[in-house]
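Novice: Model the structure of this input:
(3 chains)
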Amino acid sequence: MSMKQHILPGALACAALSLLSVDALAGDGKIAIKAGRVITMNGAEIKDGVIVIEDGRIKEVAAGAATRWDSELLDHPELTAFPGFVEAHTNRGMDRPNENIEVAPFLDVRDSIDPINFYFEDSLRQGIVALNIQQGPMCVVGAQGRVVRPFGMTVEDMTIKPDAGLKIVAGSRMGRSRATQAMMLRKSFADVERYLAKLMQDEKDGKDAAKREALFQGRDPEKPENKEGRAMEGVAKWKLSGFEIVGRGLVDKKQEPMLRLVEGKLMAFVQCDGAASVHLALEVARHNGFLANTVLVLDGDSFKAVDAIAEAGVPVVLGPNMVWTERDPLNGKENETFIPSVFAGKKVRFALQSLNSTSQSLWFQAATCVSYGLDRETAMASVTSTAADILRLGKRVGRLAPGFDGNVVLASGDPLSATARVEYVVLDGEVVYDRSKDPRAKQLLEGVEQLGAAQQGLPDEEVDPHSGQKKPAKNDKGDKTEKKD
Amino acid sequence: MMLATFLVLALGGGDVALRADKVWIDGSTSIDKGMVLVRDGRIVDVAAKLELDEGVQVLECQGHLTAGLVALGTKVGVAGAALDPTRAAMPEARVAHALRRDDPAFAFLRAQGITSVVVSPEAAKLVPGATAVAKTSGALVSDRAHLSVVFGASALSLNREPTSYARQGEMLSELFAKPEGALLAAKRGQLPILFEVQSKPELRRAIEFARERKLTGALSGAPLAGELAKEIAESKLAVVVDAGGAGEPRREALATVELAKAGVPFGFGLDAPRNPGQNLRLVAALAVGHGMPRAAAHDGLTKAAASIAGLSERAGVVKAGFDADLVLWSGDPLELSSAPKAVWIEGALVHGEVR
Amino acid sequence: MIPRQANLAIAACAAAILCAAPAHAEKGKVGQKVSSVSARKVYVGTGKVLEGGVVSISDGKIDSVSGGGSEEVFAITPGLVDLGARAGAILWSVEQSNEVTARLSNGEALDPWGLEWDRLARSGVTTVLATPLDQNVVGGLSQVVKTAGADSIAARTVRKDSVLRGAMGQQPSQRNSPAFGRPTDFYARRPTTRMGVEWEWRSAFHKTALGQNEGGERETLTKALKGELVLSIAAWTTQDIRTTVYAVEEVKQKELFRSQGLDKPRVVIDAAAEAWKEPQLLARNQIPVVLPPFTATGRTREGAFLPRNAAEELRKAGVVFALSAHGSGAYDSNLATQAGAAMSGGLPFDEALKAVTSTPARLVGAEARVGSLEEGKDADLALWNGEPFEPTSRVVAVIVDGVLVWDGRD
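Specialist: Next comes the predicted model:
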């Protein structure tokens, strides 16, 4: 029987997909986890703590919490529990991260997320429990992003938060100048304004949709005191007076997301490739009234605009490479700046991103922050609780506390140490990762190859024939397609 | 215009005296309201006041009169023709044989007050040949002024030997171990060597090579040479300052200042026709802005450069017996707002006019 | 020397030369001589640890290492040593007009002002083996050199021309093409296959033994076969490692080599990603290896696979090994990170420390000067703000030959 199953390709594929799910423990989201050390990110650490999860949510986190007789028990006094890491911004996990349409807020990364992408499996291995997936930076106004967990057979199954925010790019992108990008970004909002104004004018010009909208809202359109309607909310510097007459469903789906942004109902993740584009990003956000919902995603020397960022009060997601290197024009020597320290010093809330070029994950980035003198609490928060707060998921992920999603990661030691490994990942009360049953981890750690594993090496070092220098590693813009091993 | 035409004839023919607001004999000596007497293309006398024969015309020049500038390391008149990377060494080649004397690039340089140039072969092989020295009138002064020897990576190729610094050093040692012709003359000190370098390590290797073999000449290229001013001073080699070569203008200017401080003889190079003639003065002025004494910068454009070019008995100084290569500037030539009003080469007006 | 502020550094240099007043390793004295430095833990590099240790320095050498000091920093280790740093391995560092250029030295190609030295020094690496670019079968002579100090390679060289470098496998044949298309190009006649590369090695050895090659080549290869030079060969895959070992076994066994004393090559296999697959082969021949950097997926170059436990497996099998970052000074991939990665694969800390200090120093015959904190050795120290190799720690200051060459402390 088993022979027959093995030769069925379908069965093989299923086996591959389910290789991380632990059938025996798959249940109703009811589980208790005992760990020698519990890092809650919500007050003090707990020694020999118990995390009780019911219906997929954390019910209790305490040293002596009672566990139900019928719940699964993950009893590991030798392990350290923590809420798992939050990847506050990434372009990975998608079929292809970039879309050629320059202004496309009507797109949704939902249609591009690939649940069986190995990236998600790797994320589990690295103890990541939530990822904010955003379109790549090759656009002006991009798709709506989505916060997902790295486990699930469908995108819906993975989703933590749909409509997580629009991707906006303030920096120059390949083949375009910063000025062109700025012009197009401003124009994209002006287009929305113009479109809405026209829509409103059309209504004023006598279509009866306004009347229908008024009736829908339960007001008599003839009475002047009943002007409350679909008014434009938000704090944009432009307003359309009389917009309430625009009927429900009349705004084109293509324009709707931008309207929601301007009305303050959607977040924006604005990518900046350097300090110069930070100012543009803040100006566009202010002018169009979404500053309060803006998160800046920073690259390059954006940190030099830290004062403007602090003044605007927006949080930031820092670029993958945390060390900025510059040459002194007078002696040619290099000077280094550790970017997270700059933001910590100005009390700007920041989250970190994994370094995709060498696949150094969030734990390593946070550990590096400690090595550069940041306090451990801030460093850990930047990849857990603060990251969740920035994504407006501060009541769901990033901390171990009652009411939060039942996400727990168990590591073999301190999560920031070189030798610790992720042993278990529990998502919404289900054990979704168990290292002892992870053949790819076994291969990486012990060289034991899976049957039929494809050989794939790294490209050989490229040498510039003119300078003779090794070519710099590709930057971490996320504009490369996923490779599947 | 009539006057200008007349002046050309006058300076080219009999005696003519020029009187300028300031006559710069060299970088450190000047005469206010000085006079220069020119006869048959040569300077006959320079003084505050000259006793002139009857009938000698005196041209009243408003501005500063200096010796014509000397640009080192140019490729004027040989664009493309001096490039042959297929062979590793051609010591007997002479760039003069490829020189196009009517090249319009000369006129551009004349207009910038440059009256003499050293034309170097492209540094695309270990020994690309001999340099030429020409007046920007097109007249050839020397068809074998220096032997160019390349320590820079520009001599390395990926298609022929050598491809490495190590083999480059080995091959150059072999060439100088059994020298003939131009190499022998260079080794004996009869033909100065222009050591073409780009980076500091290359420069240091060239110094070492020269020291071991007691070779003389100048280091050419290496925009940051001045950062090794002390070592260069000990080597007794001169330096051709490669203007703007490293793309780090302030650092280069500071380095060039160090050359002057260490007493290294240096002249300014100009990658013409790729770079315009203005660059020559620009780099000198930048160096002054970063602390170089004015006299050193002035001499780097004239006297010291002429010496490196092998013209120390003919050009670069406003002095009796020297070629009447003169430039009248609207102000101090090291002020960038000054411009050449008139340029004479061997007494002939080649650019501008005097009113 | 890596001054944060040029003026300060120059002033400090001047002070060091004029006053020569040694001081403790205080912040901001880059260029200053250091007379002593203390730490909560001093890792000597031989397995010994001193709690509250003090390293005393005079004339650039270690005077003594003793207990009972204050705690200027958390930890001190010997300056790290990387035999695979590829510093200065620019295109012009290798002569490609011939596939065997043993006599040529890459010393000429090293730029003492190159920024790669500073980057290495900032990551705690104070000594490296600088090899020519691996574009030749037998590339040439390599240098053991300090990453900081005087702005002269000669002054920073620990051992000159003491290692002969070459490569097995794909790298030396990569640019080459069969002899059609571009017949004037010398890449057309060079080996285009693995077997061609192997043949060039064996041919070079045999020509040397038979006296059929030119003076400089024969002299250098003779030294290498006699063991007077270390022979560093890059070989990533099992196949290439095997080929290298068999070539060594051949010269050890053949009478042609034995009769002339040419049977004692001291081979170190560099970038030996797959050494863990057949460790007994290496152990049997007592051939040490240098591992390439660990990667996230385990896949390295030339299709070789390097698991996290490779170092630990080699240790268990008795193979001598060193770690390498291949020149990276970046926080995510420097030599300390490699040591941490090896530890994540089970290698004990003491062994990881040896693999980046005393072992590589010994493999290139530089152990008398670098690789451990013992009396009389060069005062090359890495100062750490926490436990070495943990990602929560980093090198915060570096001392080379008793001079503070970098200080990143606040």
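Novice: quick one: the helices in the chain?
Specialist: Let's take chain A. Secondary structure of chain A, counting by DSSP state H: helices at A:2-7, A:9-17, A:118-125, A:155-158, A:178-204, A:209-216, A:256-262, A:275-287, A:306-312, A:339-345, A:362-371, A:376-381, A:385-390, A:439-446.
Novice: if you could check chain C rather than the one you did, that'd help
Specialist: Using DSSP H, helices in chain C cover C:6-18, C:115-122, C:153-156, C:194-210, C:215-226, C:238-253, C:255-258, C:279-285, C:310-317, C:335-344, C:349-355, C:358-363.
Novice: Dump the ones you listed into a markdown table; add distance to chain B, mean neighbour count and mean pLDDT as well.
Specialist: For glycine as for every other residue, the C-beta is placed from the backbone atoms N, C-alpha and C. Shown next, in a markdown table, are those (distance: least, C-beta to the nearest C-beta, whole Å; neighbours: other C-beta atoms under 10 Å in any protein chain shown; pLDDT from 0 to 100):
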| stretch | distance to chain B | mean neighbour count | mean pLDDT |
| --- | --- | --- | --- |
| helix C:6-18 | 10 | 14 | 39 |
| helix C:115-122 | 12 | 23 | 97 |
| helix C:153-156 | 8 | 18 | 96 |
| helix C:194-210 | 17 | 18 | 94 |
| helix C:215-226 | 9 | 19 | 96 |
| helix C:238-253 | 24 | 19 | 95 |
| helix C:255-258 | 27 | 15 | 97 |
| helix C:279-285 | 31 | 17 | 95 |
| helix C:310-317 | 33 | 22 | 97 |
| helix C:335-344 | 25 | 26 | 97 |
| helix C:349-355 | 31 | 22 | 98 |
| helix C:358-363 | 24 | 25 | 98 |
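Novice: what does the model give residue C:191 for pLDDT?
Specialist: Reading off the confidence values, residue C:191 has pLDDT 81.
Novice: I figured it hits residue C:98, correct?
Specialist: No: at 11.8 Å, residue C:191 and residue C:98 do not qualify as touching, with contact defined as C-beta atoms under 8 Å.
Novice: count of residues packed around residue B:117?
Specialist: 30 (other C-beta atoms under 10 Å in any protein chain shown).
Novice: CA atoms only: put whichever strand or helix holds it into CSV for me.
Specialist: If you go by DSSP states H and E, residue B:117 is part of strand B:114-119. The C-alpha trace of strand B:114-119 is given here as CSV (Å, rounded to 0.1, in the frame of the first residue of the first chain):
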residue,chain,number,x,y,z
ILE,B,114,49.3,77.2,-23.1
THR,B,115,52.2,77.6,-25.5
SER,B,116,54.1,74.3,-25.0
VAL,B,117,52.9,70.7,-24.6
VAL,B,118,54.5,67.4,-23.9
VAL,B,119,52.7,64.7,-25.9
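Novice: sorry, back to before: between the helices of chain A, which one is nearest to chain C?
Specialist: Nearest to chain C among the helices of chain A is helix A:362-371; the distance by C-beta to the nearest C-beta comes to 3.6 Å.
Novice: what is the orientation angle of that closest one with helix A:118-125?
Specialist: Going by axes from the mean of the first three to the mean of the last three C-alpha atoms, to 10 degrees, helix A:362-371 is angled at 50 degrees with respect to helix A:118-125.
Novice: List of residues touching helix A:362-371?
Specialist: A:85-87, A:126-128, A:320, A:322, A:340-341, A:352-355, A:376, A:378-380, A:382-383, A:415-417, C:331-332, C:385-386, C:390-394 (C-beta atoms under 8 Å, 6 or more residues apart in numbering or on different chains).
Novice: Show the buried residues in those residues.
Specialist: Buried subset of the contacts of helix A:362-371 (neighbour count, 16 or more other C-beta atoms under 10 Å in any protein chain shown): A:85-87, A:126-128, A:320, A:322, A:340-341, A:352-355, A:378-380, A:382-383, A:415-417, C:331-332, C:385-386, C:390-394.
Novice: Tell me the gap between stretch C:151-165 and the middle of its chain.
Specialist: What separates the centre of stretch C:151-165 from the centre of its chain is 12 Å, taken as C-alpha atoms, centre = their mean, to the nearest Å.
Novice: and it, which residues are buried?
Specialist: Burial within stretch C:151-165, assessed by neighbour count using 16+ other C-beta under 10 Å, is assigned to C:151, C:153, C:156, C:157, C:158, C:159, C:161, C:162, C:163, C:164, C:165.
Novice: Parallel or antiparallel, list what pairs with the strand holding residue B:117.
Specialist: Applying DSSP bridges, strand B:114-119 is found paired with strand B:69-74 (parallel), strand B:132-135 (antiparallel).
Novice: how about those in CSV, adding distance to residue B:293 and mean pLDDT?
Specialist: Below are the strands paired with strand B:114-119 laid out as CSV (distance: least, C-beta to C-beta, whole Å; pLDDT from 0 to 100):
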stretch, distance to residue B:293, mean pLDDT
strand B:69-74, 18, 96
strand B:132-135, 27, 97
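Novice: Any idea which of these gets closest to residue C:69?
Specialist: Comparison of those against residue C:69 by C-beta to C-beta identifies strand B:69-74 as nearest, at 58.0 Å.
Novice: Outside of that closest one itself, list whatever touches it.
Specialist: B:109, B:112-120, B:194, B:218, B:220-221, B:240, B:242, B:267-273, B:277, B:280-281, B:301-302, B:305-306, B:308-309, B:311, B:315-316, B:327, B:333.
Novice: And for stretch C:265-273?
Specialist: With C-beta under 8 Å, 6+ apart, stretch C:265-273 has contacts from C:83-84, C:131, C:224-225, C:227, C:229-237, C:241, C:244, C:248, C:251, C:275, C:282, C:287-292, C:300-302, C:304-306, C:310, C:321, C:324, C:326, C:363-364.
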